[in-house]
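Enquirer: return atomic coordinates for the entry below.
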Amino acid sequence: MRIVLVGPPGAGKGTQAQFIASHLSIPKISTGDIFRANVSGGTELGRQAKEFMDRGDLVPDEVTIAMVRDRLGEDDARDGFLLDGFPRNVPQAETLKKILAEWDTRLDIVLELVVDEDEVVRRLSGRRTCDKCGRIWHVDFDDKQDDICDDCGGHLFQRDDDKEEVVMHRLEVYRHDTAPLVQFYADEGILVGIDATGPVEEVTKRALAALRPLEK
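Expert: Numbers count the residues shown, from 1 in each chain. Okay, here's the model as predicted:
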């Protein structure tokens with residue numbers, strides 16, 4: 001099965017991608033993993049990507065797409081894959097469609113994790129990170145009334161990218177870039193929305209239920 005997973009920051013994409021890919025015995029492929037593998041492996045594409053990343057610039061689409069093409073061509077992805085974080089926009093989606101068509105295949109389904117923006121802000125802005133052990137706590141979910149890590153006694157702090165104004169900006173960027181992508185896949189007839197609120201296990205059950213009709 002060939003799957004793309006989309007959803008806003010804080011929707012739990014990484015967690016759900018891991019569970020779904022494991023259930024289906026297919027590789028979870030994220031652009032972050034691909035970048036790291038190419039950079040650490042010293043590939044030509046990795047060197048190109050590193051130049052942009054070292055400057056703090058976005059890696060251009062053509063480099064990202066070339067990396068994704070290479071990764072999808074590996075043996076473990078021949079019978080299926082789950083893409084997390086790619087495509088991010090309509091041009092990337094159109095290119096992915098062409099790549100798969102060259103291999104006489106296509107995406108089976110695009111799962112959109114749907115979560116209310118207020119819930120995203122609550123999830124992300126409530127996170128606190130331990131400055132000693134790195135564990136992440138949540139002021140609501142873990143009922144943290146102080147700024148001390150229960151594991152090691154370290155101090156809990158709020159990362160810059162978890163601050164409410166930064167989360168709101170990330171959501172604005174997501175809306176701008178990804179709303180057309182969601183519409184693209186809706187027009188393709190392969191988009192399925194999944195309610196991503198509630199316990200992780202419940203969200204996984206909903207996702208697997210949506211995939212069940214496609215399982216061979």
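Enquirer: neighbours of Ser125, how many?
Expert: Counted by other CB atoms under 10 Å, the residues lying close to Ser125 total 18. The C-beta positions use only the backbone N, C-alpha and C, and glycine is treated the same way.
Enquirer: ok, Leu24 next?
Expert: Using other CB under 10 Å, Leu24 has 19 other residues around it.
Enquirer: excluding chain neighbours, what is closest to it?
Expert: If you skip the residues right next to it in sequence, Leu24 has Met1 as its closest partner in space, 5.8 Å away by CB to CB, 6 or more residues apart in numbering.
Enquirer: show me where pLDDT drops low in the protein?
Expert: Residues of the chain meeting the criterion pLDDT under 70: 216.
Enquirer: wait, Val39 touches Glu51, no?
Expert: No. Under the criterion of CB atoms under 8 Å, Val39 makes no contact with Glu51, lying 10.3 Å away.
Enquirer: just the helices in this structure please.
Expert: If DSSP state H is used as the criterion, the helices of the chain fall at 13-24, 31-41, 44-54, 61-72, 90-102, 117-125, 164-188, 200-211.
Enquirer: so which of these gets nearest Ile194?
Expert: helix 200-211 (5.0 Å; CB to CB).
Enquirer: that closest one versus helix 13-24: what angle between them?
Expert: With axes from the mean of the first three to the mean of the last three CA atoms, to 10 degrees as the criterion, the two stretches helix 200-211 and helix 13-24 enclose an angle of 60 degrees.
Enquirer: now for helix 200-211, which elements pack on it?
Expert: Helices and strands in packing contact with helix 200-211 are listed as helix 13-24, strand 109-114, strand 191-195; criterion 3 or more CB pairs under 8 Å, 6 or more residues apart in numbering; DSSP states H and E.
Enquirer: what's the nearest residue to Thr64 if we skip its chain neighbours?
Expert: On the basis of CB to CB, 6+ apart, the spatially nearest residue to Thr64 that is not a chain neighbour turns out to be Thr31, at 6.2 Å.
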